[in-house]
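*Asks:* The following block contains a protein sequence and its predicted model.
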Amino acid sequence: MQPLATLVSSAPLQQAVEQTAWANPLIAVAAFLLMLGILVVVHELGHFLTAVWMGVKVEEFGIGFPPRALVLFERNGVKYSLNWLPLGGFVRFANANGSADALYGAGGSLAAAPPWRKIAVMVAGPLMNLLLAMLIFAVIFATVGVPTPTGRQLLNQVYADTPAARAGLLSGDLLVSLDGQQAESSEVIAEVAQANAGRSISAVVLREGQELTITLTPGPWTAPDGTNIPVGFGFSYAPQVEQVRFGVVASLWQGVTYSIDLTGRMLTALAGLPASLLGLFTPAPSSGGEPIGPIGIARATGEVIQQPGGFVAFWNLTAILSLNLFLLNLLPIPALDGSHIVFALVEWLRGGKKVPPEKEAFVHAIGFMALMGLMLVITVNDVINAFRGIPVLGGS
């Protein structure tokens, strides 16, 4: 079972997707529905194909949550249906007694299967989301390129009355080296400043394609917010990156490694999720970014699809959300895949003795209702932000 991104935090989205202007609602909805269909179908295909491979009988493959809207077709005893609540999807398995329940449904839907098969079927859904993200990133890297640091720093702003301003550095300069050291990281820049306080050093910059050597002296300066910096230069900067294309094999590897790195950052963001949820009920927003639901995701989709390079940005966002779903569905939250995995592990550790079906069903039912309630709260917050004109991905 996959409720779509009930607890997705906007923080990892802000880290990975550029902000753009307010989105056209029709474009946002159309792009969101396409993304929703891709994410749900891929996730449920993981459950479905693994179940069929392991000989578990499947009775329905559903997009959306019941009530059922229509049965698209039926093949080999499996109904393929569309349902009215477009917030996820499900695979309905047959119980040992012949009746059918959804993966989150009463009694558990894999009661007759050994625990290891249950775990394999339930892990397969989130795993497909992980593989989808890796594949999308690999295709982007092969066609558009991999963002690769050049070892230079782009000066975004040179603050007035600072060592950098007095030396003649300008916004837009590319900082190549400081005191003979390549300016490849913020650590290098800070170390050079600390080691040369009050002493003149040379800075090599590129300005309009011309290489210049400028003499400057690290020293004290005052930041725009009033903070006194004991030793520094007085500019803001960011790494310059270039899009470097790789071959198919290298792009696949980059897709794998980038997905793993981004998943680690998302785990860090998830650690702040409880505070983000509490922030929905307090005047002060969480610094980690608010959780967003389907409306917030739809708005984020519309924001990226209408920016320059929106086609690539759409697939980038799809991959990011797919990683979110991979992580969230493995959490031991009742009604999600992770909870079913926990029950299967308990059964395995007890030598095949199952948790009473009615108790497991009660836990999943309570969890599902709690998720729907939380989704309602998040949706209300998404609507309020939409009316206020607050972009999902940050910025002004």
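*Replies:* All right, it came through fine. Residues are numbered from 1 along each chain as shown.

*Asks:* List the buried residues in stretch 319-337.
*Replies:* Residues of stretch 319-337 classed as buried: 319-330, 333-337 (neighbour count, 16 or more other Cβ atoms under 10 Å). Heads up, the C-betas are built off the backbone N, CA and C, glycines and all.

*Asks:* Quick check: V249 vs V256, distance?
*Replies:* Distance, V249 to V256, by Cβ to Cβ, to the nearest Å: 11 Å.

*Asks:* neighbour count winner among the two?
*Replies:* Neighbours per residue, other Cβ atoms under 10 Å: of V249 and V256, the larger number sits with V256, 17 against 10.

*Asks:* what helix or strand does N381 sit in?
*Replies:* Assigned by DSSP states H and E, N381 falls within helix 357-388.

*Asks:* so where do the strands sit in the chain?
*Replies:* Assigned by DSSP state E, the strands in the chain fall at 2-3, 8-9, 58-75, 78-94, 100-102, 146-158, 174-178, 181-182, 201-207, 210-216, 219-222, 228-232, 235-244, 291-292.

*Asks:* Just give the nearest non-adjacent residue to V123, would you?
*Replies:* I341 (6.7 Å; Cβ to Cβ, 6 or more residues apart in numbering).

*Asks:* how close does that neighbour sit to V52?
*Replies:* For I341 relative to V52 (Cβ to Cβ), the value is 20 Å.

*Asks:* More neighbours: which of the two?
*Replies:* With neighbours defined as other Cβ under 10 Å, I341 and V52 compare such that I341 has more, 21 against 15.

*Asks:* and the more buried one, what does it touch?
*Replies:* Applying Cβ atoms under 8 Å, 6 or more residues apart in numbering, we find I341 in contact with K118, I119, M122, V123, L330, P332.

*Asks:* Let me know the pLDDT of it.
*Replies:* At I341, the model reports a pLDDT of 89.

*Asks:* So, low pLDDT: which residues of the chain?
*Replies:* Within the chain, the segments meeting pLDDT under 70 span 1-25, 87, 95-111, 271-294, 296, 298-309, 375, 382, 385-386, 388-396.

*Asks:* can I see the domain layout of it?
*Replies:* What automatic domain parsing lists as the domains of the chain is 2-55+114-145+247-388, 148-244.

*Asks:* Let's have those in CSV, adding distance to F93.
*Replies:* Formatted as CSV, those follow (distance: least, Cβ to Cβ, whole Å):
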stretch, distance to F93
domain 2-55+114-145+247-388, 6
domain 148-244, 45
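
*Asks:* can you count the residues close to L26?
*Replies:* A count of neighbours around L26, defined by other Cβ under 10 Å, yields 9.

*Asks:* Give me the distance between L34 and G351.
*Replies:* For L34, the distance to G351 equals 47 Å [Cβ to Cβ].

*Asks:* go on, L33?
*Replies:* L33 is 46 Å from G351, by Cβ to Cβ.

*Asks:* Also A190?
*Replies:* In terms of Cβ to Cβ, A190 sits 58 Å off from G351.

*Asks:* Looking at these two, which is more packed in?
*Replies:* A190 (14 against 7).

*Asks:* Find the nearest non-adjacent residue to that one, please.
*Replies:* G232 (8.0 Å).

*Asks:* List the contacts of the one you found.
*Replies:* T162, P163, A190, A193, P218, G219, P220, W221.

*Asks:* Give me the packing partners of the helix holding N381, helices and strands only.
*Replies:* Packing partners of helix 357-388 (3 or more Cβ pairs under 8 Å, 6 or more residues apart in numbering; DSSP states H and E): strand 2-3, strand 291-292, helix 294-305, helix 337-349.

*Asks:* What residues sit buried inside the last one?
*Replies:* When burial is assessed from 16+ other Cβ under 10 Å, helix 337-349 yields the following buried residues: D337, G338, S339, H340, I341, V342, F343, A344, E347.

*Asks:* Now render the strands of the chain as CSV, adding distance to A361.
*Replies:* What follows is the strands of the chain, written out as CSV (distance: least, Cβ to Cβ, whole Å):
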stretch, distance to A361
strand 2-3, 17
strand 8-9, 27
strand 58-75, 16
strand 78-94, 14
strand 100-102, 8
strand 146-158, 47
strand 174-178, 62
strand 181-182, 61
strand 201-207, 65
strand 210-216, 69
strand 219-222, 63
strand 228-232, 60
strand 235-244, 51
strand 291-292, 27
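
*Asks:* how about those, which one is nearest V29?
*Replies:* strand 78-94 (10.6 Å; Cβ to Cβ).

*Asks:* Show me what the closest one is packed against.
*Replies:* Helices and strands touching strand 78-94, as assessed by 3+ Cβ pairs under 8 Å, 6+ apart, comprise strand 2-3, helix 25-53, strand 58-75, strand 100-102.

*Asks:* Would you mind getting the angle between that strand and strand 58-75?
*Replies:* Put simply, strand 78-94 runs at 170 degrees to strand 58-75, going by axes from the mean of the first three to the mean of the last three Cα atoms, to 10 degrees.

*Asks:* Strand 78-94 vs helix 357-388, what angle?
*Replies:* Strand 78-94 and helix 357-388 meet at an angle of 130 degrees, taking the same axes, to 10 degrees as the criterion.

*Asks:* Alpha carbons only: can I get strand 78-94 in PDB?
*Replies:* The C-alpha trace of strand 78-94 is given here as PDB (Å, rounded to 0.1, in the frame of the first residue of the first chain):
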ATOM      1  CA  VAL A  78      -6.500 -10.100 -11.900                       C
ATOM      2  CA  LYS A  79      -8.700  -7.000 -12.000                       C
ATOM      3  CA  TYR A  80      -6.900  -3.800 -13.000                       C
ATOM      4  CA  SER A  81      -8.900  -0.900 -11.500                       C
ATOM      5  CA  LEU A  82      -9.100   2.900 -11.100                       C
ATOM      6  CA  ASN A  83     -10.300   4.200  -7.700                       C
ATOM      7  CA  TRP A  84     -11.800   7.500  -6.700                       C
ATOM      8  CA  LEU A  85      -9.200   8.600  -4.100                       C
ATOM      9  CA  PRO A  86      -6.000   9.500  -6.100                       C
ATOM     10  CA  LEU A  87      -3.600   9.400  -3.200                       C
ATOM     11  CA  GLY A  88      -1.800   6.100  -3.800                       C
ATOM     12  CA  GLY A  89      -2.500   2.600  -4.900                       C
ATOM     13  CA  PHE A  90      -2.700  -1.100  -3.800                       C
ATOM     14  CA  VAL A  91      -2.300  -4.700  -4.700                       C
ATOM     15  CA  ARG A  92      -5.100  -7.000  -3.400                       C
ATOM     16  CA  PHE A  93      -4.000 -10.500  -2.600                       C
ATOM     17  CA  ALA A  94      -6.100 -13.600  -1.900                       C
END
